[in-house]
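Engineer: missing the sequence, but the structure's below:
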């Protein structure tokens, strides 16, 4: 697939996602990540989408979003709620993702959350993992 074809396919995916998300007024931010965002997807790839709403998504909203996206794009969907996501997944979403919906302000707030997590929680996570690793394999 040539560069122009990839660009058109990317725009098509973005448009399809936006159309589904328009039916959900609570969604304020959406970030496509994974192979579709990187342009390395194949026919079996799923849709990895992180969404931020004005409230944590409940089970019904999550199922409705997943169903709508899967139907529109013809792919399995891995939906992440940005209000509950932790590290290191949040960092991966930011580093490899592409914003589909949302303002610069909302995206900046998400970046700030990630930076705070990096400074506050990640050192503890690393220490805990190190202690578990040492307990498992010995010092």
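Structural biologist: Good, I have the coordinates. Everything numeric here is computed off the predicted structure, so don't read it as measured data.
Engineer: check contacts around the most centrally placed residue in the chain.
Structural biologist: In the chain, the C-alpha nearest the mean C-alpha coordinate belongs to residue 50, at 2.8 Å (CA atoms, centre = their mean). Applying CB atoms under 8 Å, 6 or more residues apart in numbering, we find residue 50 in contact with 30, 31, 33, 79, 80, 81, 82, 85, 93, 97. Every residue, glycine included, has its C-beta placed from N, CA and C.
Engineer: quick one: the first one and residue 49 touch, right?
Structural biologist: So the one you mean is residue 30. Yes. Contact criterion CB atoms under 8 Å: residue 30 and residue 49 qualify, at 6.1 Å.
Engineer: overlap of the contact sets of these two?
Structural biologist: What both residue 30 and residue 49 touch, as defined by CB under 8 Å, 6+ apart, is the set 17, 100.
Engineer: give the buried residues for the helix or strand hosting residue 119.
Structural biologist: In the assignment (DSSP states H and E), residue 119 maps to helix 104-120. For helix 104-120, burial by neighbour count (16 or more other CB atoms under 10 Å) applies to 107, 109, 110, 113, 114, 117.
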